[in-house]
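S.K.: Coordinates only, no sequence provided:
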């Protein structure tokens, strides 16, 4: 059976979001342990009549890693 890679990507993305949410809701400190990386301040491109702001920040926590692992396990059983 050929599995869809978009389904895997969406499940992993959902695992990150749900894991991060559960980590922020539960009062367990070790679930929120992690690292943030990305642009510290947004990059602004001012073209006179158009101003575009670019920014990206990603925070990886233990809860989101657990969510990714669970998403991959769920994907393997689908």
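M.R.: Alright, I've got the coordinates. Since the model is a prediction, treat every value here as computed from it, not as a measurement.
S.K.: Which residue ranges of the protein form strands?
M.R.: All strands of the chain, identified by DSSP state E, fall at 34-38, 43-46, 51-54, 57-61.
S.K.: State the mean pLDDT of the second one.
M.R.: When pLDDT is averaged over strand 43-46, the result is 92.
S.K.: Just the buried residues of it, please?
M.R.: Burial within strand 43-46, assessed by neighbour count using 16 or more other Cβ atoms under 10 Å, is assigned to no residue. Quick note: C-beta positions are derived from backbone N, CA and C, even for glycine.
S.K.: roughly how far is it from the heart of the chain?
M.R.: The gap between where strand 43-46 is centred and where its chain is centred comes out at 25 Å by Cα atoms, centre = their mean, to the nearest Å.
S.K.: in its sheet, what does it sit against?
M.R.: For strand 43-46, the paired strands and their directions (DSSP bridges) are strand 51-54 (antiparallel).
S.K.: if we look at the partner strand, which residues are touching it?
M.R.: Under the contact criterion Cβ atoms under 8 Å, 6 or more residues apart in numbering, strand 51-54 has outside partners 39, 42, 43, 44, 45.
S.K.: Contact partners for the residue nearest in space to the middle of the chain?
M.R.: Compute the mean C-alpha point of the chain, and by Cα atoms, centre = their mean the closest residue is residue 16, 4.5 Å away. By Cβ under 8 Å, 6+ apart, residue 16 lies in contact with 64, 67, 68, 71.
S.K.: and the second one, what does it touch?
M.R.: Put plainly, it is residue 67. Contacts for residue 67 were tallied using Cβ under 8 Å, 6+ apart; they are 14, 15, 16, 17, 18, 19, 20, 22.
S.K.: measure residue 39 to residue 59 for me?
M.R.: 13 Å (Cβ to Cβ, to the nearest Å).
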